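Undergrad: from the sequence below, what's the structure:
(one chain, ligands or ions: 2)
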Amino acid sequence: MSEAAATRTPVGRPSPLLSSLAPLLRSWLPDRRWFAGKGRPVTGFSLVSAAELLPVAGTGPGGNGPGLLHLLVAVHQEEPGAAVPPGRPADCYQLLLGVCRTLPPQLAPALIGRPATGPLAGRTVYEGLRDPRLTGLVLERLRTPGTHGPLRFARSGGAPAVPGGLTARPLDAEQSNTSLVYGDAYILKVLRRVEPGPHPDLELPLAIARAGCDRVPLPVAWYESADPLPYTLGVLQPYLSGSLDGWRLALEALAAGRPFTDEARALGRVTAEVHSALAAELPTVALGPALTGRLAAGMSGRLDEAALAVPALLPYLPRLRTAFDALAALGRSGTGSGHRAQRVHGDLHLGQTLRSGAYWSVIDFEGEPARPLAERRTPQPPVRDIAGMLRSFDYAARTHRPWNPSWAEGCRAAYCEGYAEVSGHDPRAEPALLRAYETDKAVYEVVYEARHRPDWLPVPMAAIHRLAAPG
Ligand SMILES: Nc1ncnc2c1ncn2[C@@H]1O[C@H](COP(=O)(O)OP(=O)(O)O)[C@@H](O)[C@H]1O
Ligand SMILES: O=P(O)(O)O[C@H]1O[C@H](CO)[C@@H](O[C@H]2O[C@H](CO)[C@@H](O)[C@H](O)[C@H]2O)[C@H](O)[C@H]1O
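TA: Residues are numbered from 1 along each chain as shown. Ligands and ions are numbered 1, 2, ... in the order given. From the prediction side, this is the model:
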């Protein structure tokens, strides 16, 4: 890595350590499921913060460690067709790197590489979250509040103490972050792409619990970086062992030819409970013309960006835009004035719901990982989450053969009824709001699928076709 490239970000700084790691990271990072910048060439790295959670000194000649490095690394990338403008913040990733001389054979799949030069020359660097010796150390830190270099470990006052000695296993899930399950009792979500400021995955579950709602596993401990900026980095929550997620349950129902309406109704009720808790604890704002105008403009802008990334959207643009125009008009006409915007889940879908016995919980309050944190923390009409779940019923029906549209219709109706039973408001009473949010979600999904699962692209594209149909 050239030092010039390293100085381009306002938050990062050049470092011999990072220079030594750069050639390894350049090939390893872009292949991670959680790496958000896929498809854009990496032009350099810079160091935001570094801490030795376990000294790497013991991994030198005569010792095998392991050491554990905690790094926040800014990754500089080219934008399609143009260099990143100077000053544009690079994406910052949290890395936990194991360092040893000889990698034990069982950790071979965790290998990142062997730096040729610099302070780590001759050592082996690997994904630390795959090594039970290192994940055990992370749990110990979480059990003991306090600071460690730039890192601060905190525990929730209201939660029972976390027992020690639990062994971690990595969660085998397609996810935007990396989660570890400790002894089937706790789950630690290590946030990967991080931004400064309060993180909704910690902020919202704590607020929901304060409101007396127990639909969300209560964070029991977390850690953050205080220097140079406050980044939330990881959250430990009770693990709902034996639970099944709503996506899997929906697919099972489809495969068995069963309706899913009871479950959908229950999920509607749970969504309304969570919304009510969030509205009770965190600020809400009137859904007036200024806000609807801003929301509609944001949706329209995202549509334009999406069409650049996925040209298959282009023929649908004019019709899709009418949904956003109707949202803006709703604010101007005063029709939406009875509604309020509030903090919401932000990426609600069937995979974010877990059923233990007959009890439903909601997880993953991170919001859409691709959106900036500030945007994800902005109050939104609750219909945003409702639209997310409605899309999810459509997804389930579409991925099943033969396609069963009436199954999805039944779920969608039951979900809205359940929501109305608890909130007193049926989302279908405001079709313009619902259509705008379903359209925005489907556009997001098109980009998500194009980027991560191109085989799935026809699923949201079918929704785009439906939402763009006249009438
Ligand atoms: N408290 C929990 N109990 C049981 N399983 C959980 C819990 N939290 C998360 N999971 C499982 O971990 C997966 C990934 O968690 P999630 O928070 O959605 O991560 P990401 O945002 O990285 O996708 C979920 O789909 C779910 O299967
Ligand atoms: O990783 P997250 O769970 O935070 O969410 C991302 O990945 C989801 C897929 O795993 C994606 O959800 C889309 O696919 C689901 C089926 O796999 C479907 O139920 C959802 O309705 C659909 O949006 C989600 O959009 C993305 O942010």
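
Undergrad: wait, doesn't A462 sit right on R398?
TA: Yes - between A462 and R398 there is a contact at 6.0 Å, judged by C-beta atoms under 8 Å. The C-beta positions use only the backbone N, C-alpha and C, and glycine is treated the same way.

Undergrad: more neighbours, these two?
TA: Per other C-beta atoms under 10 Å, whichever of A462 and R398 has more neighbours is R398, with 18 against 15.

Undergrad: quick one: that one is in a helix?
TA: Yes - counting by DSSP: H, G, I helix; E, B strand; the rest coil, R398 falls inside a helix.

Undergrad: quick one: neighbours of the closest residue to ligand 2 within the stretch 201-350 of the chain, just the number.
TA: Going by C-beta to the nearest ligand atom, ligand 2 is nearest to H349 of the stretch 201-350 of the chain, at 3.6 Å. As a burial measure, H349 scores 22 neighbours (other C-beta under 10 Å).

Undergrad: contacting residues for it?
TA: Neighbour list for H349: 247, 388-389, 391-392, 395 [criterion: C-beta atoms under 8 Å, 6 or more residues apart in numbering].

Undergrad: tell me which of those residues is nearest to ligand 1?
TA: Using C-beta to the nearest ligand atom, the contacts of H349 come closest to ligand 1 at W247, 8.2 Å.

Undergrad: wait, what's in contact with that closest one?
TA: Contacts of W247 by C-beta under 8 Å, 6+ apart are 349-351, 392, 396.

Undergrad: swap in 7 Å and give it another go.
TA: Contacts for W247 (C-beta atoms under 7 Å, 6 or more residues apart in numbering) come out as 350-351, 396.

Undergrad: same check, this time on L467
TA: So L467 contacts 320, 323, 435, 438-439, 442 (C-beta under 7 Å, 6+ apart).

Undergrad: wasn't it part of a strand?
TA: No - under the criterion used here (three-state DSSP), L467 is helix, not part of a strand.

Undergrad: pull out the buried positions in stretch 294-307.
TA: By 16 or more other C-beta atoms under 10 Å, the buried positions in stretch 294-307 come out as 295-296, 299-300, 302-303, 306-307.

Undergrad: do the same with stretch 240-248
TA: 240, 243, 245-247.

Undergrad: what's the neighbour count on L433?
TA: 26.

Undergrad: hmm, it is touching P381, no?
TA: Yes - between L433 and P381 there is a contact at 6.1 Å, judged by C-beta atoms under 7 Å.

Undergrad: what are the ranges of the strands in the stretch 201-350 of the chain?
TA: 221-225, 231-238, 244-245, 285-286, 340-341 (DSSP state E, counting those that start in this stretch).

Undergrad: next: the stretch 51-200 of the chain.
TA: Going by DSSP E, counting those that start in this stretch, the stretch 51-200 of the chain shows strands at 67-77, 91-100, 111-113, 124-127, 146-148, 151-155, 168-170, 178-182, 186-190, 193-194.

Undergrad: dump the ones you listed to CSV, plus mean neighbour count and mean pLDDT.
TA: Converted to CSV, the strands of the stretch 51-200 of the chain look like this (neighbours: other C-beta atoms under 10 Å; pLDDT from 0 to 100):
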stretch, mean neighbour count, mean pLDDT
strand 67-77, 23, 95
strand 91-100, 23, 96
strand 111-113, 18, 97
strand 124-127, 24, 97
strand 146-148, 12, 93
strand 151-155, 18, 95
strand 168-170, 17, 94
strand 178-182, 21, 97
strand 186-190, 22, 98
strand 193-194, 20, 95
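
Undergrad: would TSV of those strands with distance to L17 be doable?
TA: Output for those, formatted as TSV (distance: least, C-beta to C-beta, whole Å):
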stretch	distance to L17
strand 67-77	8
strand 91-100	10
strand 111-113	14
strand 124-127	11
strand 146-148	17
strand 151-155	17
strand 168-170	25
strand 178-182	22
strand 186-190	20
strand 193-194	19
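
Undergrad: dump the ones you listed to TSV, plus distance to ligand 2.
TA: Shown next, in TSV, are the strands of the stretch 51-200 of the chain (distance: least, C-beta to the nearest ligand atom, whole Å):
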stretch	distance to ligand 2
strand 67-77	19
strand 91-100	16
strand 111-113	23
strand 124-127	19
strand 146-148	28
strand 151-155	24
strand 168-170	16
strand 178-182	11
strand 186-190	11
strand 193-194	12
